[in-house]
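**Q** Sequence plus predicted model, see below.
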Amino acid sequence: MCGIVGAVAQRDVVEILIDGLHRLEYRGYDSAGVAVLGEDKTMQIVRRVGKVKSLEQAVNAKPLLGGTGIAHTRWATHGEPSEINAHPHRSGHIAVVHNGIIENYQELKEQLQTRGYMFQSQTDTEVIAHLVEWELRSAKTLLEAVQKAVVQLRGAYGTVVMNEQDPERLIVARSGSPLVIGYGVGENFLASDPLALLSVTRRFTYLEEGDVAEITRRTVSIFNRVGEPVEREIHEGNFEADAADKGQYRHYMQKEIFEQPVAIINTLDGRIKDGKVDIQSIAPNAVEILSNVQHVQIVACGTSYNAGMVARYWFESIAGVSCDVEIASEFRYRKFVTRPNSLLITLSQSGETADTLAALRLAKESGYMAAMTICNVASSSLVRESDFAFMTKAGVEIGVASTKAFTTQLTCLLLLNVALGRLNGHVSEEQEHHIVQALQRLPTQIESALVFDKQIEKLSEDFADKHHTLFLGRGEYYPIAMESALKLKEISYIHAEAYAAGELKHGPLALIDSEMPVVVVAPENDLLEKVKSNIEEVRARGGQLYVFADNDAGFENATGFKTIVLPKVDEVTAPIFYTVPLQLLSYHIAIIKGTDVDQPRNLAKAVTVE
Ligand code: GLU
């Protein structure tokens, strides 16, 4: 969820640790801390509430030096964001950082208290520090102590342990929260995401579930969950060097909105051959699996769930396959019936979303014919644990509010629909060409939507002093309205709800007054007349309307409400296209409100806790 960075080197690593935290800050950011072992072999810990910047200032003022160190940005789950609760946590000579949740911490805490340990913080994490300290009393090595400690933990953790009395060694353990080891020359590193280490290395090993590793300057030894030594592959990372750079943009989110044409081009790249979807390019075993699919179950959270909701319309209309979509945290805790020949699809930007991952693991034991994931991070747990993965190639997404991950997920889902429909005879050659061409035109069309930025910025002024907003759409535009409402909530803190426009009269119409802006997605299509009637219903009750439409929808001379009239685009890809101007609307409203666009309060990227 949040970020971990660690290093064992001969040189001073404080700057590397702080740089790493900055790169990870988008994941969690209510407090941060660093612990280092310097020349005099005493541990120094600095922790601060707030952003990495305040930690950096404190570190610079100190100054702090050391060749072995661990650092953390926290997204609090247990205990308020405070200096006392910030990591690293200490017990005697031991210091610990941790991502995740220790579910049995209360039980362990009571046990440790009877052994005489005094707790300083309200976190679940502190039990790890004391537990390792306790085990080290009887263990021969720090590695052994950590191995003995982690088997007592329930829940999710990515954790790193440092010992003041054994200064050239770090022990890391992974169960549920990702950890990666980065290799240098005569120095080694670790982090919760390789992005953190791009200034020092491009060579990484991803730890697997249950792994515990010992890292020194010259060696990395990895042990599996039963303590056997294992070899894990070393990957040469092919990362965009400037991924963590905002470039000319004011915010990552803005950069990522504007990157969408390129992100879609990249996602289409290599997936289309001779005007047709190259099914083989999805995955080598895709043809075999997809040929037998009779039902699709999508499981996801947040924005990815909204992408799944759009895809449901496609699966039933394009591929002719029944489709259910469910929020992962619900799916994983209810009894469900698995339909015959059912394909499970998980959607996640990070591939580490805890609830989605749990749903995948559950589904694997529940008779699904196969599990595929549509994901943006190739090294992620979802990708590794699924039968096959269809990668979005959005590039690193840093803004907490997802933008390009959503539109590239939709791109993959549309390609998948064509593949499935061709294999089951539901999509004709002509229809396939039509959809493929529409997808190929989409990046340029999105460019033309981005041109409306200034106009949308102007429109956003009307929303800044409002407390509530409604988004309406029909068909695929209903989930697009859901996604737009989610974006507005996330970054502007304005309460926003989405309704299927036809639902309006069944309740929400009661909310309409001059203080309630209503955003309607109304491109020209078979449902336009119905949407126009809904617009009239709002207008008749004094609602303030903002209509996003195209130049065939007949709104050019509309009076009594404001319109953004976009170019007409292919119907099949139009839901992806309309997402973009609506992202811009939320972005500009948030700018006027002065919120922290890239790191909205209380949220974090990659939700690796339940
Ligand atoms: N559960 C731990 C805490 O609240 C770690 C949270 C995190 O992943 O940052 O301190």
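**A** Looks like it came in fine.
**Q** Return the residues of the chain in contact with the ligand.
**A** By Cβ under 6 Å from any ligand atom, the residues of the chain that approach the ligand are 1-2, 28, 74-79, 85, 98-101, 123-125. Every C-beta, even on glycine, is put in place using the N, C-alpha and C of the backbone.
**Q** go again using 8 Å as the cut-off
**A** Applying Cβ under 8 Å from any ligand atom, one finds that the chain approaches the ligand through 1-2, 28, 72-79, 85-87, 98-102, 121, 123-125, 177, 608-609.
**Q** for this protein, where's the lowest mean pLDDT among helices and strands?
**A** strand 235-236 (a mean of 86; mean pLDDT, DSSP states H and E).
**Q** From the rest of the structure, what touches the helix or strand that that strand is followed by?
**A** Sequence order places helix 252-258 as the next helix or strand after strand 235-236, per DSSP states H and E. The contact list for helix 252-258, computed with Cβ atoms under 8 Å, 6 or more residues apart in numbering, reads 26, 246-247, 249, 397-399, 401, 403-404, 450, 491, 580, 583-584, 587, 597-598.
**Q** swap in stretch 36-54?
**A** Contacts for stretch 36-54 (Cβ under 8 Å, 6+ apart): 13-14, 17-18, 21-22, 25, 29-35, 55, 58-59, 62, 64-69, 73, 81-83, 86-88, 90, 93, 95, 162, 164-165, 167, 599.
**Q** Kindly check the end-to-end length of that stretch for me.
**A** 17 Å (Cα to Cα, to the nearest Å).
**Q** quick check: mean pLDDT across that stretch?
**A** If you average the pLDDT over stretch 36-54, you get 91.
**Q** What residues sit buried inside that stretch?
**A** By neighbour count, with 16 or more other Cβ atoms under 10 Å as the criterion, the buried positions of stretch 36-54 are V36, L37, G38, M43, Q44, I45, V46, R47, R48, V49, K51, V52.
**Q** With stretch 15-23 instead?
**A** I16, L17, I18, D19, G20, L21, H22, R23.
**Q** Other residues contacting it?
**A** 3, 5-7, 9, 32, 34, 36, 52, 55-56, 59, 69-73, 189, 191, 193, 195-200, 244.
**Q** Nearest to the ligand: which residue in the stretch 151-300 of the chain?
**A** The nearest approach of the stretch 151-300 of the chain to the ligand comes at S177, 7.1 Å away (Cβ to the nearest ligand atom).
**Q** got the contact list for that residue?
**A** By Cβ under 8 Å, 6+ apart, the contact set of S177 is M1, N99, G100, A156, Y157, G158, S192, E352, T608.
**Q** Next, check those against the helices and list the overlap.
**A** Among the contacts of S177, DSSP state H puts none in helices.
**Q** mind checking the longest helix of the protein?
**A** Max-length helix for the chain by DSSP H is helix 429-450.
**Q** Strands along the stretch 51-200 of the chain, start to end?
**A** Secondary structure of the stretch 51-200 of the chain (DSSP state E, counting those that start in this stretch): strands at 68-74, 89-91, 94-102, 155-163, 170-175, 180-183, 188-191.
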